[in-house]
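# need a structure here:
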Amino acid sequence: MSPSRRDVVRTLGLGGAGLSTALIIGRGREAMAFEAGAMPPPDDGGVIRISSNENARGPSRTAITAIRDALTPRLGRGYPPDYTNDLVDAIARRYGVGRDSVITATGSGPILEVAVRAFCSAAKPLVTAAPTYGTSETTARRIGVPVRPVHVDRALAIDLEAMAVAARGAGLVYFCNPNNPTGTVHDAAAVERFVRRIKRESPDTVIHIDEAYMDYAHDAAVKTAAPLTQELPGVFISRSMSKAHGMAGLRIGYAVGQPATVRAIAQQSGLGSMNALSAAAAIASLGDTAHLAAEVAENARVREFTLQGLRKLGYDVPEPHTNHVFVALGRPAAEFREACQALGVAVGRDFPPMEKTHSRISLGTMDEMRRAMDVFRTVLTARA
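Down below sits the predicted model:
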């Protein structure tokens, strides 16, 4: 069983020293950007916060112990601390690649931002799905890079055919698999066909496959595209430790690609400098396969409960391979969000171009989702 916030502080032995577990389970960049600091801190009087895709159960005890063990005087020496180098080694071993094929960052968000700057320009557009996670597109528009958005298909899956066509002459293709917010996923064979086609038809186009939710995919045919990154130039994956590993507040992300691709990303500023405690926790968590398996199983249990509840109310939800669901409400997400907030449940932000019809609901603990489902039932039945 994953520890509670109180358990984490007790385990660290720092309950009176100001080290809050919000630093570990803390809310990610997405929530902070959307809510702009307006939401109260954790344990805020009973509000159920399922508005951002963090892991409600938090990190493994192994990761927490690693943080505690790293809290030694050695943190004052060795700049940067050797834990960060050890993390690169651990990631390289996990994927069977050289350490020069790995780059780390303070979360996967900076990798998304930096990749746009590295591979796009006014003459080299960004290709992205709509809707999908928006950091790449937001970055492109901010720096004047043209964007080619490709709407998801009728099943809310990323349209690989249309994306491949749009990729011709592009600087970068951003492909989130499984996709946020729709939760849909493409299997390894489809991804390989997609990648090979783009590299054949537009060899200079770089392909970024965001696998932040890959650990939650529950189809055996769905696999990481990491092997493709080593075979084909200009292809890389990014991963986040904020989801299944439960460490959003520690800001840990990484990318895997060929050395030349990784160097091109590293040459841009903005990746951040990971601290020793984050790196120590990440190393421990990568090795704790039992905890990861337990987290994935619990997320599946909560996901199934939530799906059944929404479908019994008559709402269509595509099968998600994530820790969130994307429900066709037939009403604006803002309207649903405001009604739920009034009853103590904070649900997700808008996802254009589907913000007038769909809402993303992140998965909390089973207890949170039972209480949230009562609120959803009240809100949706009242409108019906």
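
# pLDDT below threshold where in this protein?
1-45, 74, 77-81, 383-384 (pLDDT under 70).

# any chance you could map the strands in it?
Per DSSP state E, the chain carries strands over the ranges 48-50, 102-105, 126-130, 147-151, 172-176, 206-210, 235-240, 253-257, 324-328, 345-347, 358-362.

# dump these to CSV, plus mean neighbour count and distance to Ala115.
Any C-beta I mention is one placed from the backbone N, CA and C, and that applies to glycine too. Formatted as CSV, the strands of the chain follow (neighbours: other CB atoms under 10 Å; distance: least, CB to CB, whole Å):
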stretch, mean neighbour count, distance to Ala115
strand 48-50, 22, 29
strand 102-105, 24, 10
strand 126-130, 26, 9
strand 147-151, 18, 14
strand 172-176, 27, 6
strand 206-210, 27, 5
strand 235-240, 26, 8
strand 253-257, 27, 8
strand 324-328, 23, 23
strand 345-347, 24, 30
strand 358-362, 26, 24
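
# is the residue nearest to Met163 when sequence neighbours are not counted bridged to anything, and to what?
Nearest residue to Met163, sequence neighbours excluded (CB to CB, 6 or more residues apart in numbering): Val150, at 5.0 Å. Assessed by DSSP bridges, Val150 has beta-bridge partners Ala129.

# ok, Val150 to Ala339 distance?
32 Å (CB to CB, to the nearest Å).

# what's the answer for Met369, then?
17 Å.

# Asn55 is in contact with Ser242, correct?
Yes: Ser242 lies in contact with Asn55 (CB atoms under 8 Å); the separation is 7.3 Å.

# hey, what's in contact with both of these two?
Jointly contacting Ser242 and Asn55 under the rule CB atoms under 8 Å, 6 or more residues apart in numbering are Ala248.

# ok, the two, which is more surrounded?
Legend: neighbour count by other CB atoms under 10 Å for Ser242 and Asn55, higher for Ser242 (28 against 24).

# which residue, neighbours along the chain excluded, lies closest to Ala115?
His208 is the one closest to Ala115 (CB to CB, 6+ apart), at 5.3 Å.

# I meant Glu192, not that one.
That would be Leu228: by CB to CB, 6+ apart, it lies 6.3 Å from Glu192.

# what's the local residue count around the one you found?
21.

# how close does it sit to Asp288?
Applying CB to CB to Leu228 and Asp288 gives a distance of 27 Å.

# can you check Arg142 too?
The gap separating Arg142 from Asp288 is 38 Å, by CB to CB.

# quick one: which of the two has more around it?
Each of Arg142 and Asp288 has its neighbours counted (other CB under 10 Å); Asp288 has more, 19 against 10.

# and the more buried one, what does it touch?
Counting by CB under 8 Å, 6+ apart, Asp288 touches 60, 62-63.

# nearest to Arg301, of those?
Nearest to Arg301, judged by CB to CB, of the contacts of Asp288 is Ser60 at 18.0 Å.

# select the longest helix from this protein.
helix 289-312 (DSSP state H).

# which other residues reach it?
2, 55, 57, 60-62, 215-216, 218, 244-246, 285, 317, 319-320, 323, 325, 327, 361, 363-366, 369-370, 373, 376-377.

# buried ones among those?
Buried members of these, counted by 16 or more other CB atoms under 10 Å: 2, 55, 57, 60-62, 215-216, 244-246, 285, 317, 320, 323, 325, 327, 361, 363-365, 369, 373, 376.

# in helices, which of these fall?
61-62, 285, 369, 373, 376.

# domain-wise, how is this structure divided?
Using automatic domain parsing, the domain ranges for the chain come out as 5-60+289-383, 67-287.

# check the ones you listed for me and report the most buried one.
Using mean count of other CB atoms under 10 Å, the stretch among the domains of the chain with the largest mean neighbour count is domain 67-287, at a mean of 20.

# now do the same end-to-end measure for that domain.
14 Å (CA to CA, to the nearest Å).

# pull the number of nearby residues for the spatially closest residue to Ala281 that is not a sequence neighbour.
Once flanking residues are discounted, Ala281 sits nearest to Ala63: 4.2 Å by CB to CB, 6+ apart. By other CB under 10 Å, the residues close to Ala63 number 28.

# isn't Ala63 up against Gly287?
No: between Ala63 and Gly287 there is no contact under CB under 8 Å: 9.5 Å.

# quick one: His218 from Gly46, how far?
As judged by CB to CB, His218 and Gly46 stand 31 Å apart.

# could you dump the strands of the chain to JSON lines with distance to Met274?
JSON lines is the format used below for those (distance: least, CB to CB, whole Å):
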{"stretch": "strand 48-50", "distance to Met274": "26"}
{"stretch": "strand 102-105", "distance to Met274": "6"}
{"stretch": "strand 126-130", "distance to Met274": "26"}
{"stretch": "strand 147-151", "distance to Met274": "30"}
{"stretch": "strand 172-176", "distance to Met274": "23"}
{"stretch": "strand 206-210", "distance to Met274": "19"}
{"stretch": "strand 235-240", "distance to Met274": "13"}
{"stretch": "strand 253-257", "distance to Met274": "9"}
{"stretch": "strand 324-328", "distance to Met274": "26"}
{"stretch": "strand 345-347", "distance to Met274": "29"}
{"stretch": "strand 358-362", "distance to Met274": "25"}
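
# ok, which of those comes nearest Val191?
strand 206-210 (7.1 Å).

# for the closest one, packing partners?
Other helices and strands packing on strand 206-210, by 3 or more CB pairs under 8 Å, 6 or more residues apart in numbering; DSSP states H and E, are helix 109-119, strand 172-176, helix 188-201, strand 235-240.

# what sits up against that strand?
108, 112, 115, 118-119, 133, 136, 167, 171-177, 191, 195, 198-199, 225, 234-238, 261.

# gap between the residue nearest the centre of the chain and Ala248?
The centroid of the chain falls nearest to Ala212 when counting by CA atoms, centre = their mean (4.0 Å). Using CB to CB, Ala212 is found at 11 Å from Ala248.

# common neighbours of these two, please.
In the contact map built from CB under 8 Å, 6+ apart, the residues linked to both Ala212 and Ala248 are Ser242.
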